[in-house]
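In: Structure here, sequence nowhere to be found:
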């Protein structure tokens, strides 16, 4: 399918709107612009979306394009794919940016789309940085999405679950764009070399370092390549040390999107789990030295506190969160010490994954059981009808019972009583186990099953 005249004119107008004043002619356009894919089939790094069996490819083949939210880091092709959709559908194409647009702009776009709709043509509206719109602005899309006036394609680098309204998300499919892997970035460099007609003046190690510096960003790797070409004298080839000086970026100790990153975070996590504070501290410092985002490490420490320790030492989660807050308050480099303190605390704390195991078991039961009604005796009865139906009948207030424990069953009757949480004989969970054993004994006695 070919883009309509209105799609082309709208796209050209929007391109002019965001063009840089005094920009160089097309022959001197940046590599990232010159190498933009001309078709979806040329898009790299997103085969799960644009490949032969990709989600978007299947949508186009079916002749039905639904509203979508493109979610992913910068430089992964969100804007490019949205533009190419106009060339492979018969929809008119409009583009706006939430950074530069307000309510008046949205009204104009919607009015134009409605006029097209009256003549039988839908509009594909691409909204860049859609998470920048406030709740009311996001809600304004709902009527024109529901009546088919527009097919919305929004792009965001932020988690849609947190940044977009539930009503908007329920009407659009979230498609995740992945960071470019090393092969995808290398493919971009090869295309750049073909376009310029000359090899990138880097030795093998420096080339790998350049890929690491891009950190999964396709636009960044092409920009870095341009900097290298500009800096190189005739027949000059840079090694890693020279590359760092040229582009003024530190060569990473490991690539944050590749195996080195996952190997070190795995080593840190397992060292904490294995109660080895020295190894844990070593891997934490390795990641600090590699330039890892300290807040990423803070989040992992918080996760370890719940997954590996939990109720064996409930204070572990408090310590991990406090370390994250301390880093937020102090920043770098002082804040790293708080994360190191938390790391040592977690490694030396008693370990238990009982809550983690219980959570997974309870989640399986919740999914398998469906919408089972809780027992009526623990349901409130605010109306006469509900009272007549037996809601809240027979409920015993635990604080009025001996030992502040009624022993009543709180599981759905159709499900029967289940046991998910089995505390370990370590740390604070030893005390919890004694309480549970005491309550289980009382429960059997008071239910007549003892």
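Out: Thanks, I have the structure now. Being a predicted model, the structure only gives us computed values, none of them experimental. Numbers count the residues shown, from 1 in each chain.
In: can you map out the strands along the stretch 101-250 of the chain?
Out: Taking DSSP state E, counting those that start in this stretch as the criterion, the stretch 101-250 of the chain carries its strands at 123-128, 150-156, 173-176.
In: for the shortest one, which positions count as buried?
Out: It stands for strand 173-176. For strand 173-176, a neighbour-count test (16 or more other C-beta atoms under 10 Å) marks residue 175 as buried. For every residue, glycine as well, the C-beta is placed using N, CA and C.
In: tell me the SS of residue 419?
Out: coil (DSSP: H, G, I helix; E, B strand; the rest coil).
In: what do you get for the one 5 residues further on?
Out: Following three-state DSSP, residue 424 is assigned to coil.
In: who's in contact with the nearest residue to it once chain neighbours are set aside?
Out: Nearest non-adjacent residue to residue 424, counting by C-beta to C-beta, 6 or more residues apart in numbering: residue 352, 4.1 Å away. Applying C-beta atoms under 8 Å, 6 or more residues apart in numbering to residue 352 gives the contacts 308-312, 423-424, 426-427, 429.
In: let's go with 6 Å and repeat that
Out: 310, 312, 424, 426, 429 (C-beta atoms under 6 Å, 6 or more residues apart in numbering).
In: ditto for residue 184
Out: So residue 184 contacts 44-45 (C-beta under 6 Å, 6+ apart).
In: now the most centrally placed residue in the chain, nearest residue through space, not along the chain?
Out: Closest to where the C-alpha atoms of the chain average out (C-alpha atoms, centre = their mean) is residue 159, at 5.2 Å. Leaving aside its chain neighbours, residue 159 sits nearest to residue 71 (7.3 Å; criterion: C-beta to C-beta, 6+ apart).
In: Next one: the one you found from residue 447, what distance?
Out: Using C-beta to C-beta, to the nearest Å, residue 71 is found at 50 Å from residue 447.
In: Okay, residue 191 and residue 247: tell me how far apart.
Out: Where residue 247 is concerned, residue 191 sits at a distance of 20 Å (C-beta to C-beta).
In: Just want to know which of the two has more residues nearby.
Out: residue 247 (20 against 17; other C-beta atoms under 10 Å).
In: For the residue nearest to that one when sequence neighbours are not counted, give its distance to residue 210.
Out: Counting by C-beta to C-beta, 6+ apart, residue 247 lies nearest to residue 227, which is 5.1 Å off, once chain neighbours are set aside. From residue 227 over to residue 210 the distance is 10 Å, taken as C-beta to C-beta.
In: Tell me, how many residues neighbour residue 285?
Out: For residue 285, the neighbour count with other C-beta under 10 Å is 14.
In: Could you identify the helix or strand that succeeds the helix or strand containing it?
Out: Counting by DSSP states H and E, the element that carries residue 285 is helix 277-289. Per DSSP H and E, the first helix or strand lying C-terminal to helix 277-289 is helix 294-304.
In: After that next one, which helix or strand is next?
Out: Next element after helix 294-304 (DSSP H and E): helix 315-330.
In: List the buried residues of that following helix.
Out: Neighbour-count burial for helix 315-330, counted by 16+ other C-beta under 10 Å, picks out 316-317, 319-320, 323-324, 326-327.
In: Output the contacting helices and strands for that helix.
Out: helix 294-304, helix 335-348 (3 or more C-beta pairs under 6 Å, 6 or more residues apart in numbering; DSSP states H and E).
In: Okay, buried residues for whichever helix or strand comes after the last one please.
Out: If I follow you right, that is helix 335-348. Next helix or strand after helix 335-348 toward the C-terminus (DSSP H and E): helix 354-369. Neighbour-count burial for helix 354-369 flags 354-355, 358-359 (criterion: 16+ other C-beta under 10 Å).
In: for stretch 229-240, same thing?
Out: 229, 232, 238, 240.
In: Among these, which are located in helices?
Out: Judged by DSSP state H, the buried residues of stretch 229-240 include 229, 240 as members of helices.
In: From the buried residues of stretch 229-240, pick the one nearest residue 138.
Out: Closest approach to residue 138 among the buried residues of stretch 229-240 (C-beta to C-beta): residue 229, at 42.5 Å.
In: what sits against the closest one?
Out: Per C-beta under 6 Å, 6+ apart, neighbours of residue 229: none.
In: State the pLDDT value of it.
Out: The predicted local distance difference test score for residue 229 is 93.
In: Quick one: low-confidence residue ranges for the protein.
Out: The chain contains residues with pLDDT under 70 at 1-27, 249-260, 448-450.
In: Show me it divided up by domain.
Out: 5-176, 182-247, 259-348, 371-447 (automatic domain parsing).
In: Would you mind giving these as JSON lines with distance to residue 364 added?
Out: What follows is the domains of the chain, written out as JSON lines (distance: least, C-beta to C-beta, whole Å):
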{"stretch": "domain 5-176", "distance to residue 364": "22"}
{"stretch": "domain 182-247", "distance to residue 364": "34"}
{"stretch": "domain 259-348", "distance to residue 364": "17"}
{"stretch": "domain 371-447", "distance to residue 364": "9"}
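In: roughly how far apart are the residue nearest to residue 424 and residue 430?
Out: For residue 352 relative to residue 430 (C-beta to C-beta), the value is 10 Å.
In: Equivalent analysis for residue 231, please.
Out: Distance from residue 231 to residue 430, by C-beta to C-beta: 64 Å.
In: do the same with residue 172
Out: Taking C-beta to C-beta, one finds residue 172 at 50 Å from residue 430.
In: ok, those two, which is more surrounded?
Out: Set residue 172 next to residue 430 and count neighbours by other C-beta under 10 Å: residue 172 wins out with 21 against 13.
In: Disregarding residues adjacent in the polypeptide, which is nearest to that one?
Out: Of all residues not flanking residue 172 in the chain, residue 67 sits nearest, at 4.0 Å (C-beta to C-beta, 6+ apart).
In: What residues does the one you found make contact with?
Out: Counting by C-beta under 6 Å, 6+ apart, residue 67 has contacts 145, 151-152, 171-172.
In: now those residues: which count as buried?
Out: With burial judged by 16+ other C-beta under 10 Å, the buried subset of the contacts of residue 67 is 145, 151-152, 172.
In: Show me which pair in the residues you listed is furthest apart.
Out: Longest distance between any two of the buried ones among the contacts of residue 67 is 9.4 Å, between 151 and 172; criterion C-beta to C-beta.
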